[in-house]
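Undergrad: Compute the structure for the input listed below.
(4 chains)
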Number of protein chains: 2
Amino acid sequence: MSQRGPYAKGVAKREEILGRALEIVARQGYRGASVQVIADAVGLSQAGLLHYFGSKEELFTAILRKRDELDHLSRAAPSDPRDARDAFVQVIAHNSEVPGLVELFSRLAVEAADPEHPAHAYFLERGEVLRETIVATLAQLRRPPALPPETLARIVQAAADGLQLQWLLDPTVDMAATMEALLNALAQEGHP
Amino acid sequence: MSQRGPYAKGVAKREEILGRALEIVARQGYRGASVQVIADAVGLSQAGLLHYFGSKEELFTAILRKRDELDHLSRAAPSDPRDARDAFVQVIAHNSEVPGLVELFSRLAVEAADPEHPAHAYFLERGEVLRETIVATLAQLRRPPALPPETLARIVQAAADGLQLQWLLDPTVDMAATMEALLNALAQEGHP
DNA sequence: GTCTATAAGACGATAGAC
DNA sequence: GTCTATCGTCTTATAGAC
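TA: Here you go, the predicted structure:
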């Protein structure tokens, strides 16, 4: 059904390109990556690549969306709070393997401040979904928390993003361990 | 003494330029600010401006250093933990008034991941000083904390940086209030 | 759908006059 | 110390052939 229709082939090819572009950025890093570099890496000309993605910004936004998809981040989190926590920490641990994606994410997070940027909506939506997941997970823990759940969720999200900046600067920083420590402290906390 | 010597005038002028450049970026925002734009704003030609700063990257790094200086961030924090907390929160609150500086900081934080970048050392040093200050302040609170002080300091720093990204994306986010909530929760926490 | 070719511009940096 | 002028590079985007 969804594989038929006039665009099926184009969409499939687009996904294939996206997958390879993702690997390239993840492995070789995002060194101010240009459309040309990605095009070479996926075996297309620059114009050929931009045929599938309207512009550079849309291309990189699509890469980030694809990454979330592969990270299962668009799915609902596990219902058991500890499983949800572990899944979150594992995504962060995996990020250490893909510095180029972390750099791309951080860079676009700044550029997407402009409401006209194609990634603006992406970051807004992603943040909301992430925080909602955190709130839902927190709701299953001991109550009442010391802070409003929405505030806690913002802090956890901020910590995750900020740890990426620290890790980019100094790769000896252990993002996953630090986040796990924070989440464990949050899980144990609350007024008796 | 330090105002004499062959470089005194050049240094003074450099500082003057820096102060104006800081205002420009703070007020008009960093919109992919180029050397040209800053030069126009401070009333110099592009080459004239680069005479004082060797390169674009050094110029922007100097702006960030100047900002820290004006924020009294290079000084020792107040000895009373509550005063230290308030000072920290006030710096964050003030950041809401200077979006261009927040954007510049966040952007350079990513670019400075490259050890060759002129801002690399700046961000490393700034992070260390900030975390040491946080650790010293935490040491004056109830003990023992639920987490190692160094870990807590990393989390607080990460939260501050991450909140900036959230705020750039959505200016209705209250960075100062969120950070204050986090710090208050940390101050009250600990094993009885 | 994919290419070549090129437009069209921005930018940082430097040379050299004054 | 400050300028003008220019170089050289890199970039995205598009036009048009196949």
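
Undergrad: OK, contacts around the residue nearest the centre of chain A?
TA: Nearest residue to the geometric centre of chain A (Cα atoms, centre = their mean): A:D68, 5.0 Å. The contact partners of A:D68, by Cβ atoms under 8 Å, 6 or more residues apart in numbering or on different chains, come to A:S74, A:R126. Just so you know, the C-beta spots here come from the backbone N, C-alpha and C atoms, and that holds for glycine as well.

Undergrad: can the helix or strand it falls within be found next to DNA strand D?
TA: A:D68 is part of helix A:56-70 when elements are defined by DSSP states H and E. Yes. Legend: contact between helix A:56-70 and DNA strand D by Cβ under 7 Å from any atom of the strand is shown at A:K56, A:E57.

Undergrad: Now find how far off-centre that helix is within its chain.
TA: In this view, helix A:56-70 has its centroid 9 Å away from the chain centroid, taken as Cα atoms, centre = their mean, to the nearest Å.

Undergrad: Help me confirm that A:K66 comes into contact with A:E23.
TA: No. Using Cβ atoms under 8 Å, A:K66 makes no contact with A:E23, being 10.4 Å away.

Undergrad: just checking, what packs against the helix or strand just after the helix holding A:D68?
TA: For helix A:56-70, the following helix or strand on the C-terminal side (DSSP H and E) is helix A:81-95. If you count contacts as 3 or more Cβ pairs under 8 Å, 6 or more residues apart in numbering or on different chains; DSSP states H and E, helix A:81-95 packs onto helix A:119-138, helix A:149-169, helix A:175-188.

Undergrad: wait, which of the ones you listed is closest to DNA strand D?
TA: Distance to DNA strand D, taken as Cβ to the nearest atom of the strand, is lowest for helix A:119-138 among the helices and strands packed on helix A:81-95, at 13.0 Å.

Undergrad: by how many degrees do that closest one and helix A:56-70 diverge?
TA: 20 degrees (axes from the mean of the first three to the mean of the last three Cα atoms, to 10 degrees).

Undergrad: Do any residues in helix A:119-138 lie close to chain B?
TA: Yes. Counting by Cβ under 8 Å from any Cβ of the partner chain, chain B is contacted by helix A:119-138 at A:H120, A:F123, A:L124, A:G127.

Undergrad: List the residues that contact the second one.
TA: The one in question is A:F123. A:L108, A:A109, A:A112, B:L169.

Undergrad: Equivalent analysis for the first one, please.
TA: A:H120 makes contact with A:A112, A:A113, A:D114, B:L169 under the criterion Cβ under 8 Å, 6+ apart.

Undergrad: ok, and the closest non-adjacent residue to the residue in chain A that DNA strand C sits nearest to?
TA: Using Cβ to the nearest atom of the strand, the single residue of chain A nearest to DNA strand C is A:G48, 2.3 Å away. Closest residue in space to A:G48, ignoring its immediate chain neighbours: A:A39 at 6.8 Å, by Cβ to Cβ, 6 or more residues apart in numbering or on different chains.

Undergrad: where does the one you found land on pLDDT?
TA: For A:A39, the pLDDT comes out at 97.

Undergrad: In the helix holding A:D68, which residues are buried?
TA: A:K56, A:E57, A:L59, A:F60, A:T61, A:A62, A:I63, A:L64, A:R65, A:R67, A:D68 (16 or more other Cβ atoms under 10 Å in any protein chain shown).

Undergrad: With pLDDT as extra columns, can I get these in TSV?
TA: Formatted as TSV, the buried residues of helix A:56-70 follow (pLDDT from 0 to 100):
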residue	pLDDT
A:K56	97
A:E57	97
A:L59	98
A:F60	98
A:T61	98
A:A62	98
A:I63	98
A:L64	98
A:R65	98
A:R67	97
A:D68	97
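
Undergrad: Throw the residues you listed into CSV and include distance to B:G43, thanks.
TA: Output for these, formatted as CSV (distance: Cβ to Cβ, whole Å):
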residue, distance to B:G43
A:K56, 34
A:E57, 34
A:L59, 39
A:F60, 37
A:T61, 39
A:A62, 43
A:I63, 42
A:L64, 41
A:R65, 45
A:R67, 45
A:D68, 47
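
Undergrad: Quickly check those residues for the two that are furthest apart.
TA: A:K56 and A:D68 (19.5 Å; Cβ to Cβ).

Undergrad: Show me where chain A dips below the pLDDT cut-off.
TA: For chain A, the stretches with pLDDT under 70 are A:1-7, A:143, A:189-192.

Undergrad: now do 90
TA: Chain A contains residues with pLDDT under 90 at A:1-11, A:27-29, A:31-32, A:72-77, A:141-146, A:186-192.

Undergrad: How about the residues of it by DNA strand C?
TA: Checking chain A against DNA strand C by Cβ under 7 Å from any atom of the strand, the hits are A:7, A:9-10, A:13, A:43-49, A:51-52.

Undergrad: The same query, at a cut-off of 6 Å, please.
TA: Contacts of chain A with DNA strand C, taken as Cβ under 6 Å from any atom of the strand, map to A:K9, A:G10, A:K13, A:L44, A:S45, A:A47, A:G48, A:H51.

Undergrad: Return the subset of these lying in strands.
TA: Using DSSP state E to define strands, no part of those is located there.

Undergrad: Among these, name the buried ones.
TA: By 16+ other Cβ under 10 Å, the residues of chain A next to DNA strand C give A:L44 as buried.

Undergrad: The residues of chain A next to DNA strand C: which ones sit near DNA strand D?
TA: A:A47.

Undergrad: Going by distance to chain B, which of the residues of chain A next to DNA strand C wins?
TA: Within the residues of chain A next to DNA strand C, proximity to chain B (Cβ to the nearest Cβ) peaks at A:A47, which comes in at 24.8 Å.

Undergrad: I'd like to know how far that closest one sits from A:A39.
TA: Relative to A:A39, A:A47 is positioned 8 Å away (Cβ to Cβ, to the nearest Å).
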